[in-house]
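> Have a look; sequence and predicted model below, questions after that.
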Amino acid sequence: MDNPTNEATLHSDDKENTKGEKEEPCLPPPTLPASLQGVAKQGKSRSGNKPLSHRGPGALPKNRGTEFYADPPMTPNEAKEEKDDIYAPDVPFAERTQACIQRFRSRRRLQGNRVLYFEEYLFLGGVDCQPNTFGGLSQKELKELTPAERREATAKDIIWASSAAGQRYYNGDKEAWSVDFPGVAAGFFSVTLVQLTSFEYVGMMEGISTVENFLRYVLQHNVCPEYEDEVKAAMEVCKTAAEEWPMIRELCAALPGHFNLAAAELFCPEAITEESWSFLDFKRPEDFDPTSVFFTAFALMDEPDLFEKLTTKRPTITREFDCTLELVEKFRPSDDIAKRVKSLVIGDKAAYHAPVGKAIFKQGVIEDDWERLPATWPIDEPTMTLFFDDALLANMVPGMKIEANICELDAGLRFVKGIENIVPSFYVYLPQEMMRHYKEPRENDRPAPSVNDPQNGGDDDVAKKEEEEK
């Protein structure tokens, strides 16, 4: 063998094919002309642009705001500075809170939608988060500052505690403003966050966790010990919001349920029934029998008097009304009733009916940005009893409010024809919501529009009129 090294690397089949062939020696690659040879360029070093992974675990954005994220440990000097200087008891509450917000931003480095959620939450609390347009510094000037000075120079979160920023933000007036951590959190979760996320689950949970992380930061750094109970109450609101909003999503998807759908189809015109429910997620069963569903529910429930009234004669609707209801108590069907419904057979086929329970409501109020006259309670009793499928009752909690259209039968039964709105038990509408697009009034010497001078074009018409007079 002329070249045992090359021979050993060949496949066994290739050896047989190459026995009679003369192997050619391997030649080095040809040398390229100097004009075609690549020359390494001497560029700038990229040592200054370090990736986030090289800046330490505290700089990774994926850790910001996650459930088990922990701030990097502070040095003894930093802890002493926070305790004796930044968050000292003799420092006014507004200054401590402003420093807390700025330090929370710099340490957590919020990104993406979390920045929007956090700023909208602060706005409801009266904090000015508008960009500091004329306070920018160059990179060279920022490098000359200490970390504390750099944080203060680049911060845009301001608690004015005076009338300098107008009426949109906190101005130190204790009669118009009050410290209410749970109220601001509840107002943000009730209205603002729903509008920002379009009720999308991931966005809702991200907004709730952002506020919860900030409140936990306030507790860990002992920013305002005089309001410790209020901050803990606000964290409970965060937990409640994370539980109730998914339940409301499932409740909306399961409406109207078999029982209320059967009642509407039996006693309301078909066209009205289709308009009452959107059926975005709920699917009407193919072999749905409203008569069987409706009367079987009362036959299996412990409502003998109502069942007798319904079966004596054909019920008819006597009146229909809209009202706002607040859930007081719910009674889910017992295990015995659920087993009987599950084993129900009509003819030769299983019925597949849903067990039905009842819920007791009282008059409720859902506030918004409209001024409404006080509504009168439409019935003589202080509470109203309505019937729902067990799957709907499972996602209802006491305190939950709904705006519903109710039909009342001459037999004394009331059922839900349609639901316009559902809000959680912690629902709060803050007046600060109406200040979002508020503009301070200013003096204007120009006379108001009139019949003789409509001023349709505004300032342009005034300028033309002045030219004509000249």
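Nice, thanks for sending it over. Numbering: from 1, shown residues only.
> What is the subsequent helix or strand relative to the helix or strand Thr296 falls within?
In the assignment (DSSP states H and E), Thr296 maps to helix 290-300. Next helix or strand after helix 290-300 toward the C-terminus (DSSP H and E): helix 304-312.
> Could you list the buried residues of that following helix?
Leu306, Phe307, Lys309, Leu310 (16 or more other Cβ atoms under 10 Å). In this view, the C-beta of every residue, glycine as well, is placed from N, C-alpha and C.
> For the following helix or strand past that helix, what is the distance to the chain centroid?
Going down the chain from helix 304-312, the next helix or strand is strand 317-331, by DSSP H and E. Taking Cα atoms, centre = their mean, to the nearest Å, one finds strand 317-331 lying 27 Å from the centre of the chain it belongs to.
> One more: stretch 347-356?
38 Å.
> Report whether the expected contact of Leu116 with Gln195 is present.
No. Leu116 lies out of contact with Gln195 (Cβ atoms under 8 Å); the separation is 11.4 Å.
> Quick check on those two: which one has the bigger neighbour count.
The neighbour count for Leu116 versus Gln195, taken as other Cβ atoms under 10 Å, is higher for Leu116 (15 against 10).
> and the more buried one, what is it in contact with?
Leu116 sits next to Leu196 when contact means Cβ atoms under 8 Å, 6 or more residues apart in numbering.
> What does the pLDDT read for it?
Listed pLDDT for Leu116 reads 94.
> And for Glu466?
pLDDT, Glu466: 61.
> and the most centrally placed residue in the chain, how far is that from Glu243?
Against the mean C-alpha coordinate of the chain, by Cα atoms, centre = their mean, the closest residue is Met204 at 2.8 Å. Met204 sits 12 Å away from Glu243, going by Cβ to Cβ, to the nearest Å.
> picking up where we left off before, from the buried residues of helix 304-312, which single one is nearest Gln432?
Checking the buried residues of helix 304-312 against Gln432 with Cβ to Cβ, the nearest one is Leu306 at 46.6 Å.
> I'd say the closest one and Leu409 touch.
No. In this structure Leu306 lies outside contact range of Leu409 using Cβ under 8 Å: 9.9 Å.
> Of the buried residues of helix 304-312, which pair is most distant in space?
Phe307 and Lys309 (7.4 Å).
> Would you map the strands across the stretch 201-350 of the chain?
In the stretch 201-350 of the chain, the strands defined using DSSP state E, counting those that start in this stretch lie at 317-331, 345-346, 349-350.
> Contact partners for the residue nearest to the centre of the chain?
Residues near Met204 by Cβ under 8 Å, 6+ apart: Leu193, Val194, Thr197, Trp245.
> Among the residues you listed, which one lies nearest to Glu236?
Using Cβ to Cβ, Trp245 comes nearest to Glu236 of those, at 14.9 Å.
> Distance of the nearest residue to the closest one once chain neighbours are set aside relative to Asp180?
Distances taken as Cβ to Cβ, 6 or more residues apart in numbering place Met204 nearest to Trp245, at 5.5 Å, with adjacent residues excluded. Separation of Met204 from Asp180 (Cβ to Cβ): 22 Å.
> Thank you, goodbye.
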